[in-house]
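# just need the structure, nothing else, for what follows:
(chains A and B)
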Amino acid sequence: MNNHIQAILWKQLKDTIKNKAILIQFIMFPFMTIIMENAMNMEDMPEHFFVNLFGIMYVGMAPLTSIAAIIAEEKEKNTLRVLQMCNVRAVEYLIGNAIYIILICMTGSLVMGLTGGYSGIHLFRFMLIMFVGHICSFLLGATIGLVSKNQMTATSINVPVMMILSFLPMLSMFNETIKKFSKFLFSEQLYLLVNDLEQIKMTLETGIIMICNIILIIVIFLIIYKKNRISS
Amino acid sequence: MKAICVKDLKHNFNEKTVLDNINFDVNTGEIFGLLGPSGAGKTTLIHILTGQLKAASGSSFILGIPSTNMTGENYRQIGVMMDNFGLYERMSCYDNLKFYQMIDKNKNNKQDALKNKRMLDKNIETILNDVGLLDAKKTLVINLSKGMTNRLAFARAILRTPAILFLDEPTSGLDPTTVEAIHKMILAEKERGTTIFLTTHNMYEAEKLCDNIALLNNGKIIEYGTPFDICRRYNHQKKIDIHLKNGEDISLQHNRECGEQIKSYFLKDEIETIHSTEPNLETVFMELTGRKLER
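Predicted structure coming up:
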């Protein structure tokens, strides 16, 4: 592994315990899943209800808020400028952070999957869906971090995006109108897939929406990245 | 070869000109001071020289390389200590330096690759010891005093043993003891042969440390030379002040009579102290701009 990526990964791992704001993002949903899965046991409740619901909320919140906060903080404290002068390229910086965030989020997802009783192929499918979600969410968060000059701005942009991604799939269960809109979100599509791990029926609609979402997120990210650069 | 070379440099933010036709050279191994009040354009010039900002026109060269074309290998040759430090607050002093050392490690360099962990650790500890922070190596940056943070930022800047060190107001807002400690560290770097580009608004610092200085005001260099030469150039009074042993103070003009008078005082052993009256940099700056150097 490139020494710049390695150093960034090392720095982030060192920072995890001390950065409580981000640490909470990483552990909140796995922790809530453990609590709720063990505490709630109602008869009509769908199987794996909390795992699937919190799993999608985890996808919508953790990578998004953590990478946006990390980039915005580095910009605010001028550490990004120093890294740039140490010849750390933006791609290396993002890869280092992506490995760190995705690694931790996948660990959290694994805890959630095991708590929900998934095993074998079902656990694999669950983890695969989470992985796709974490990547999309990471790229969105990185885009927010790029456009934000400081942590305050990042938070104010993060909150509505995070709420849309995390809460609409849940609210769509109760409201058909919301469902009409939320079905265009990758988080809603992932929620539908995660609720059907037995068969994973990827309909044409799901496929098109997912691909469009991924392409859109990558295009937005690349445009913003080109326009803002990481340290401007 | 000149360490730094600046030619006809101009820069503006929107309509406002912040640097106007800047020209100067910095010799290898010297301490060059850029002296000016806040907002004069000092930090902008460092940003341009270190390739963080592209000038509107003109050119600047660092070790013969245009600052706009600097690559990773060129950046290894320079250390920068800026006003806003670039230190990670939640990491310890030791970990901050370790992180930057990991970043600087050249995996293509066999010598670097062979350096084992113990050697890298020793290097960090030596630098922390040099800046007086060895006892605080496990302290988080957020818990350091301003003086300690400045010393750590200095340590980070010299970690890669740079050929050129850019210091942006390194002693701003510090107590005299810490200022003295930082001055010693700067002089130690000069002893090692490092070229130092120092910005300051403190005339005493410039007079004490710098081989050459440029006075910057409203984006223009209004004077350039050694501190002593600049002060001598503006010595309009041409007077000599003498303090006699009987407590009397005498002020004499530079002329033949003055020489005779001083000779007679010496022969009578009446002189306690004798002073020339060149203006200091502050006075020169005031004369040139009508404003003070201090913030």
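# what about the stretch 151-295 of chain B, any weak spots by pLDDT?
B:292-295 (pLDDT under 70).
# up against chain A, what does it have?
residue B:156 (Cβ under 8 Å from any Cβ of the partner chain). C-beta here means a position set from N, CA and C on the backbone, and glycine is covered the same way.
# what about the strands in the stretch 151-295 of chain B?
With DSSP state E, counting those that start in this stretch as the criterion, the stretch 151-295 of chain B has strands at B:164-168, B:195-200, B:212-217, B:220-225, B:239-244, B:249-253, B:271-276.
# middle-most residue in chain B, spatially?
residue B:198 (2.2 Å; Cα atoms, centre = their mean).
# next, the contact list for that one, please.
Each residue near residue B:198 by Cβ atoms under 8 Å, 6 or more residues apart in numbering or on different chains is listed here: B:31-34, B:167, B:170, B:186, B:205-206, B:209-210.
# repeat that with 6 Å
B:33, B:167 (Cβ atoms under 6 Å, 6 or more residues apart in numbering or on different chains).
# in three-state terms, label the residue of chain A positioned farthest from its centre for me.
Within chain A, residue A:43 marks the point farthest from the mean C-alpha position, 31.1 Å out by Cα atoms, centre = their mean. Following DSSP: H, G, I helix; E, B strand; the rest coil, residue A:43 is assigned to coil.
# next: residue B:61.
Relying on three-state DSSP, one would call residue B:61 strand.
# that one touches residue B:5, doesn't it?
Yes. Counting by Cβ atoms under 6 Å, residue B:5 is a contact partner of residue B:61 at 4.3 Å.
# quick one, helices of chain A?
A:3-16, A:20-39, A:49-76, A:79-85, A:90-115, A:120-147, A:151-171, A:176-182, A:186-194, A:204-228 (DSSP state H).
# for the second one, buried residues please.
Within helix A:20-39, the residues that count as buried by 16 or more other Cβ atoms under 10 Å in any protein chain shown are A:22, A:25-26, A:28-34, A:36-37.
# what is the nearest of those residues to chain B?
Taking Cβ to the nearest Cβ as the measure, chain B lies nearest residue A:22 of the buried residues of helix A:20-39, at 10.5 Å.
# next up, the contacts around that closest one.
Here residue A:22 is in contact with residue A:66 (Cβ under 6 Å, 6+ apart).
# same thing but 8 Å
Counting by Cβ under 8 Å, 6+ apart, the residues that residue A:22 touches are A:15-16, A:65-66, A:69-70.
# the nearest residue to residue B:274 once chain neighbours are set aside: neighbour count?
The shortest distance from residue B:274 to any non-neighbouring residue, by Cβ to Cβ, 6 or more residues apart in numbering or on different chains, is to residue B:242 (5.2 Å). Residues within reach of residue B:242, counting by other Cβ atoms under 10 Å in any protein chain shown, total 19.
# dump the C-alpha coordinates for stretch B:243-262 into CSV.
The C-alpha coordinates for stretch B:243-262 follow below in CSV (Å, rounded to 0.1, in the frame of the first residue of the first chain):
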residue,chain,number,x,y,z
HIS,B,243,27.0,59.8,28.9
LEU,B,244,29.7,61.1,31.2
LYS,B,245,30.8,59.6,34.5
ASN,B,246,29.5,62.7,36.3
GLY,B,247,26.0,61.9,35.0
GLU,B,248,25.9,64.5,32.3
ASP,B,249,24.5,63.6,28.8
ILE,B,250,26.0,65.3,25.8
SER,B,251,24.8,65.1,22.2
LEU,B,252,27.3,66.0,19.5
GLN,B,253,27.0,66.5,15.7
HIS,B,254,29.3,64.5,13.4
ASN,B,255,32.1,67.0,12.5
ARG,B,256,35.7,67.9,13.2
GLU,B,257,34.9,69.7,16.4
CYS,B,258,33.0,66.7,17.7
GLY,B,259,36.1,64.5,17.2
GLU,B,260,38.3,66.9,19.1
GLN,B,261,35.7,67.1,21.9
ILE,B,262,35.4,63.3,22.2
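# how far does that stretch sit from the chain's center?
37 Å (Cα atoms, centre = their mean, to the nearest Å).
# if we look at that stretch, which residues are touching it?
Residues contacting stretch B:243-262 (Cβ under 8 Å, 6+ apart): B:238-242, B:265, B:269-275, B:277.
# need the max-distance pair from these.
B:238 and B:269 (26.0 Å; Cβ to Cβ).
# quick one: which of those two has more around it?
More neighbours surround residue B:238 than the other of residue B:238 and residue B:269, with 13 against 7 (other Cβ under 10 Å).
# for the more buried one, give its distance to residue B:225.
19 Å (Cβ to Cβ, to the nearest Å).
# equivalent analysis for residue A:178, please.
73 Å.
# residue B:95 too?
43 Å.
# out of these two, which sits in the more crowded spot?
Legend: neighbour count by other Cβ under 10 Å for residue B:95 and residue B:225, higher for residue B:95 (20 against 14).
# who's in contact with that one?
A:11, A:14, B:88.
# contacts for the longest helix along chain B?
Looking across chain B with DSSP H, the single longest helix is helix B:176-191. By Cβ under 8 Å, 6+ apart, the residues outside helix B:176-191 that reach it are B:29-31, B:130-132, B:147, B:150-151, B:154, B:158, B:165, B:167, B:170-171, B:174, B:196, B:198, B:205, B:208-209.
# which among those residues end up buried?
Buried among the contacts of helix B:176-191 by 16+ other Cβ under 10 Å: B:30-31, B:130-132, B:147, B:150-151, B:154, B:158, B:165, B:167, B:170-171, B:174, B:196, B:198, B:205, B:209.
# just the ones of these in helices?
B:130, B:147, B:150-151, B:154, B:158, B:205, B:209.
# farthest pair in the residues you listed?
Spanning the widest gap among those are B:130 and B:205, at 20.0 Å by Cβ to Cβ.
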